[in-house]
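K.L.:
Generate coordinates for the sequence data below:
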Amino acid sequence: MVILKKIRASTLMETLVATVLIVVVFMISSMILNNLFSNTIKNNTRTIDTHLNELEYLYINEQLEIPYQDDFNNWEVSITEYKENQSNKIEFEAINRTINKTVTKTIGEKQ
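P.N.:
Numbers count the residues shown, from 1 in each chain. Below is the predicted model:
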């Protein structure tokens with residue numbers, strides 16, 4: 001007959017404690033990753049920046065009348081003209097009320 005060697009093993013309590021620790025570490029890391037991804041999505045302003053650049057292009061090529069107001073994907077876009085230090089300035093402003101974010105772009109008078 002074959003004699004089996006005795007293998008040293010962990011107890012049930014040690015296994016449960018290790019499992020709980022692993023689960024806690026995975027829960028904390030998943031919560032951190034979820035927070036990072038949601039903040040990245042909330043702070044992403046690429047689409048409104050692109051839209052403001054398009055409106056600036058239309059203004060420079062005289063295809064847009066000032067004052068201008070529009071709604072674009074939950075953003076309230078407004079373009080106004082004001083005078084500052086003997087020169088006219090054009091302000092492009094987009095406000096998102098749901099995430100309390102404002103994107104502003106100012107250019108000088110077109111040539």
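
K.L.:
any idea which element M13 lies in?
P.N.:
Assigning secondary structure by DSSP states H and E places M13 in helix 12-42.

K.L.:
Now do that helix, average pLDDT.
P.N.:
On average, the pLDDT along helix 12-42 is 93.

K.L.:
Can you list the helices and strands that it packs against?
P.N.:
Packing partners of helix 12-42 (3 or more Cβ pairs under 8 Å, 6 or more residues apart in numbering; DSSP states H and E): none among the helices and strands. (Each C-beta comes from the backbone N, C-alpha and C, glycine too.)

K.L.:
Show me which residues of that helix are buried.
P.N.:
When burial is assessed from 16 or more other Cβ atoms under 10 Å, helix 12-42 yields no buried residues.

K.L.:
List the buried residues in the next helix or strand after it.
P.N.:
Next helix or strand after helix 12-42 toward the C-terminus (DSSP H and E): helix 46-60. Buried residues in helix 46-60, counted by 16+ other Cβ under 10 Å: 48, 51-52, 55-56, 59.
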